[in-house]
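Asks: Fold the following, please.
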Amino acid sequence: MTGTQLQRYRAVVEYDGSDFAGFQRQADEFRTVQGELEKALSKLGQGSIPLVAAGRTDSGVHATGQVIAFDLSWKHPMSKLLLAINTHLPWDVAVQTVEVADSEFHPRFDAKRRAYRYHIELCDNSARRPLTRSRKWQVFKPLDIGLMNEAAHHLIGEQDFATFGMPPQGNNTVREIFTAEWTQVENELQFYIQANAFLYRMVRSITGTLKLVGDGSWTIDEFKQALDAAERSRSAASAPPWGLYLESVTY
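Replies: Below is the predicted model of the structure:
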């Protein structure tokens, strides 16, 4: 490969979303994950290098498995590309893997499944946890994980999820959810949800409403009725962004 040839690369990115105004590049006064990644790529000596991503996470949302793609002329061994990019990135974002991709690869349009994980920390009012407040949703009420899982079971399959989100474009609110399950380890609840795609704010809206089932504010029937209504106004609550992680994208 000569220095003028462009090759498409695919990379997996991890970031702490606490200090970002979301993933997508915005005006210069807003710090974004995409902005930091593109600045780092530009330091490789070839000017502006735009990238595309699998999803646009909101302000405060984290990722362990965001996928990006970019075109680059790289004359050195592949083993040095990962180090070269990460050398120019700030502490709260890092590329985990990078590999050569097909020239037509698109992280968003080629994705078959996406998975998020939401973290809830069950806290005692007398002992708050300051060090985890930007990583987990701290909840001070007991939650019934059995009821939350029973309600979450109604999410499985292809259906209209308009109650829980808005389409990023167009008006199609039908999605297919493959997995929606709560697990508990000591004082932490984790909600794992995998779908072919998600609506804007969908995971946080589902999580916040399932939390109401868990604390007894809603019944499972009320949750099912809200889901079936396919009306955005029926969503009762939205979980805060800082407990949410984009975990993986499947191709």
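Asks: Please, where are all the helices along the stretch 1-150 of the chain?
Replies: 33-42, 81-87, 145-152 (DSSP state H, counting those that start in this stretch).
Asks: who's in contact with the longest one?
Replies: Right, the one you point to is helix 33-42. Helix 33-42 has contacts (CB atoms under 8 Å, 6 or more residues apart in numbering) with 13, 15, 17, 20, 22-26, 48-51, 53, 57, 63, 66, 68, 70, 72, 85-90, 93, 95. For the C-beta atoms, the positions are set from N, CA and C on the backbone; glycine is no exception.
Asks: hmm, try it at 7 Å
Replies: For helix 33-42, contacts defined as CB atoms under 7 Å, 6 or more residues apart in numbering pick out 13, 15, 20, 23-25, 48-51, 53, 68, 70, 72, 85, 88-90, 93.
Asks: Give me the buried entries from those residues.
Replies: Among these, those classed as buried by 16 or more other CB atoms under 10 Å are 13, 15, 20, 23-25, 49, 51, 53, 68, 70, 72, 85, 89, 93.
Asks: Make CSV from the helices of the stretch 1-150 of the chain and add distance to residue 240 to it.
Replies: Listed next are the helices of the stretch 1-150 of the chain as CSV, based on distance: least, CB to CB, whole Å:
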stretch, distance to residue 240
helix 33-42, 18
helix 81-87, 29
helix 145-152, 17
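Asks: Nearest to residue 116 among these would be which one?
Replies: Closest to residue 116 of the helices of the stretch 1-150 of the chain is helix 145-152 (CB to CB; 13.1 Å).
Asks: In that closest one, which residues are buried?
Replies: Under 16+ other CB under 10 Å, the buried positions of helix 145-152 are 145, 147-149, 151-152.
Asks: wait, what's in contact with residue 26?
Replies: Counted by CB under 7 Å, 6+ apart, residue 26 has contacts residue 32.
Asks: got a pLDDT number for residue 159?
Replies: On the pLDDT scale, residue 159 is placed at 97.
Asks: Which residue is the nearest non-sequential neighbour of it?
Replies: residue 174 (6.7 Å; CB to CB, 6 or more residues apart in numbering).
Asks: Could you pull up the residues touching that neighbour?
Replies: 158-160.
Asks: 8 Å instead?
Replies: Counting by CB under 8 Å, 6+ apart, residue 174 touches 158-161.
Asks: for the stretch 151-251 of the chain, which spans come out with low pLDDT?
Replies: Residues of the stretch 151-251 of the chain meeting the criterion pLDDT under 70: none.
Asks: Would you map the strands across it?
Replies: 157-160, 174-185, 188-195, 244-250 (DSSP state E, counting those that start in this stretch).
Asks: Just checking: what are the partner strands of the shortest one?
Replies: Strand partners for strand 157-160, identified by DSSP bridges, are recorded as strand 174-185 (antiparallel).
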